[in-house]
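Chemist: Got a predicted structure here, sequence first:
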Amino acid sequence: MKPVLVWFRQDLRLSDNPALDFAVKSGRPVICLFVLDDQSPGAWKWGGASRWWLHHSLAALDKALDGRLVLRRGDAAKIVRALVKEGGADTLVWNRCYEPFAVARDKSLKSDLSADGVTVQTFNAALLHEPWELKTGGGTPFRVFTPFWKAMRAMDVAKPLAAPRKLDLQKAKSEALKDWKLLPAKPDWAKGFDWTPGEKAAHAALYDFLDDVKEYGRARDLPDRDGTSRLSPHLHWGEISPRQIWQAVTTHGHSGGSETFLKELGWREFCTQLLFHNPTLPELPLDKRFEKFQWRKSAKDFEAWTKGKTGIPIVDAGMRQLWQTGWMHNRVRMIVASLLIKHLGIHWREGQAWFWDTLVDADLANNSANWQWVAGCGADAAPFFRIFNPVLQGEKFDPRGDYVRRFVPELKAVPDKFIHKPWTAPQPPAGYPAPIVDLAQGRERALAAFQALKR
DNA sequence: TGAAATGTTGGGGCG
DNA sequence: ACGCCCCAACATTTC
């Protein structure tokens, strides 16, 4: 019996995995493959934090597959074709990716292999609805979230598939995961990461979150609280599917919190379809006027931002949380992004690149769509003049300064009253920098630059 | 999923 | 009792 080759990509799970399910139900032996591809043209090479996650997630998947996951490195299309031959497979299946370079790669691989007489089948494992499914009345893709969400909310969501009960796995030569050197060595900047990658941990995170989902509407905005789901990296690597999350949340009982959370899954789908329909989203502003925007170049300011040494407490806390844990609370992501783009006038792509490298949940669609959203040049974006004041944001969402003190120990002794603006304290804390930008001046400079653009 | 500037209103202190 | 001013509190406009 000829085996079926399952090419794993961003679907590192056994349950609700339609490609794997199809292969198993064929009743034939299955070869499971993952390819580390750092060379396909146009591909965004995984960042450091993503690699850390990928290492552990592959280890978990391999364990679930009784150590029979086949690992190969190189040009993905070439390797897949080679393994089809080598394993004697006449059928190849995978779950679809939606990044433009992946779509192009997969499309040509499918047509090549089909021409060779190999059956190729692809499935949807990553989304509630395909990016081409939801259209406006005019038949075009949505560019505004609210009507998109209304249309999406009205759709039925498919029920998730169970994990295969029995796997008949065929072996093939595999590289050793440790040889891929996906983990940082010296220095080991990931030692503070508090994450457990893998399918099991993803479901544990979901069930933890279900206890709190009622409070999500309020709690998700408070960075010191554990009010968010923390599912994003699991979702990115497909250790859990949005269908599974959707079903769990909708059957868990209705509340305002669950509706707000489902809407976040909606934003994820919105971003994915934006990138799918706008392949240049990671590089070019959707709003063409911004192509002429005069961005400031300042390696010094950018470095202060990345290191969490801007002298603005909520920003520094966020940037240090990112560096230490590979993740940043979403409210704080908006604040740090706003400071970089607006007050410092630095190009959103620089911030995007930093997030791409340091976030464990780095996702091309979400990352680029949301940076453009903050910059005001994206689809349905925040207007450029909507500028966050990090002092007010801090006072509003971290009123006691607990979040700030957790990540910026220099500020431990600063009284609550000054915790978000220590430069105004009678005794400014030693060892903590003065703000690298005057917030009022930064705001004015940003507004002036925006005015110049409109002219 | 803003913030600041500007405008309006109404209660209270006070001559 | 009345007008005047001050200034919160809230609303609206502007960036």
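Modeler: Looks like it came in fine.

Chemist: Let me know the average pLDDT across the lengthiest helix in chain A.
Modeler: In chain A, assigned by DSSP state H, the helix with the most residues is helix A:256-277. For helix A:256-277, mean pLDDT rounds to 96.

Chemist: In terms of secondary structure, what does that helix contact?
Modeler: helix A:100-115, helix A:145-153, helix A:216-219, helix A:242-251, helix A:364-375 (3 or more CB pairs under 8 Å, 6 or more residues apart in numbering; DSSP states H and E). From N, CA and C alone the C-beta is placed, and that goes for glycine too.

Chemist: rerun at 10 Å
Modeler: Where contact means 3 or more CB pairs under 10 Å, 6 or more residues apart in numbering; DSSP states H and E, helix A:256-277 is packed against helix A:100-115, helix A:145-153, helix A:199-212, helix A:216-219, helix A:232-236, helix A:242-251, helix A:364-375.

Chemist: What count of nearby residues applies to the closest residue to A:Pro282 other than its chain neighbours?
Modeler: Leaving aside its chain neighbours, A:Pro282 sits nearest to A:Ser368 (4.1 Å; criterion: CB to CB, 6 or more residues apart in numbering). By the criterion of other CB atoms under 10 Å, A:Ser368 has 27 neighbours.

Chemist: just to revisit the earlier point, quick check: next helix or strand after the longest helix of chain A?
Modeler: The helix or strand immediately downstream of helix A:256-277 is helix A:299-307, counting by DSSP states H and E.

Chemist: for that following helix, which positions count as buried?
Modeler: Residues of helix A:299-307 classed as buried by neighbour count (16 or more other CB atoms under 10 Å): A:301-302, A:304-306.

Chemist: Could I get those in a markdown table, plus columns for distance to A:Pro131?
Modeler: Below are these laid out as a markdown table (distance: CB to CB, whole Å):
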| residue | distance to A:Pro131 |
| --- | --- |
| A:Asp301 | 37 |
| A:Phe302 | 33 |
| A:Ala304 | 38 |
| A:Trp305 | 33 |
| A:Thr306 | 32 |
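
Chemist: Closest one of those to A:Pro435?
Modeler: When the buried residues of helix A:299-307 are compared for distance to A:Pro435 (CB to CB), A:Ala304 wins out at 10.0 Å.

Chemist: Next up, the contacts around the closest one.
Modeler: A:298, A:310-312, A:315-316, A:319, A:344, A:433, A:435-437 (CB atoms under 10 Å, 6 or more residues apart in numbering).

Chemist: likewise A:Trp246?
Modeler: A:128, A:157-160, A:261-262, A:265.

Chemist: gap between it and A:Ala102?
Modeler: For A:Trp246, the distance to A:Ala102 equals 23 Å [CB to CB, to the nearest Å].

Chemist: A:Arg73: how many residues sit nearby?
Modeler: Count around A:Arg73 with other CB under 10 Å applied: 15.

Chemist: ok, now A:Gly192?
Modeler: Other residues close to A:Gly192 by other CB under 10 Å number 12.

Chemist: In three-state terms, label it for me.
Modeler: coil (DSSP: H, G, I helix; E, B strand; the rest coil).

Chemist: Pull up the gap between it and DNA strand B, please.
Modeler: Using CB to the nearest atom of the strand, to the nearest Å, A:Gly192 is found at 26 Å from DNA strand B.

Chemist: swap in A:Pro428?
Modeler: Taking CB to the nearest atom of the strand, one finds A:Pro428 at 20 Å from DNA strand B.

Chemist: quick one: contacts for the closest residue to that residue other than its chain neighbours?
Modeler: Nearest residue to A:Pro428, sequence neighbours excluded (CB to CB, 6+ apart): A:Pro422, at 5.6 Å. Going by CB under 10 Å, 6+ apart, A:Pro422 touches A:311-313, A:401, A:404, A:408, A:410-411, A:414-415, A:428-429, A:432-435.

Chemist: wait, what's in contact with the closest residue to A:Phe293 other than its chain neighbours?
Modeler: Take A:Phe293 and drop its neighbours on the chain: the residue closest to it by CB to CB, 6+ apart is A:Leu453, 5.4 Å away. Residues near A:Leu453 by CB under 10 Å, 6+ apart: A:287, A:289-294, A:377, A:384.

Chemist: A:Phe193 now?
Modeler: Residues near A:Phe193 by CB under 10 Å, 6+ apart: A:49, A:52-53, A:56, A:184, A:324-327, A:360.

Chemist: swap the cut-off to 8 Å and go again
Modeler: Applying CB atoms under 8 Å, 6 or more residues apart in numbering to A:Phe193 gives the contacts A:49, A:52, A:325-326, A:360.

Chemist: Check these and tell me the two furthest apart.
Modeler: Maximum pairwise distance among the contacts of A:Phe193 (CB to CB): 11.4 Å, between A:Trp52 and A:Thr325.
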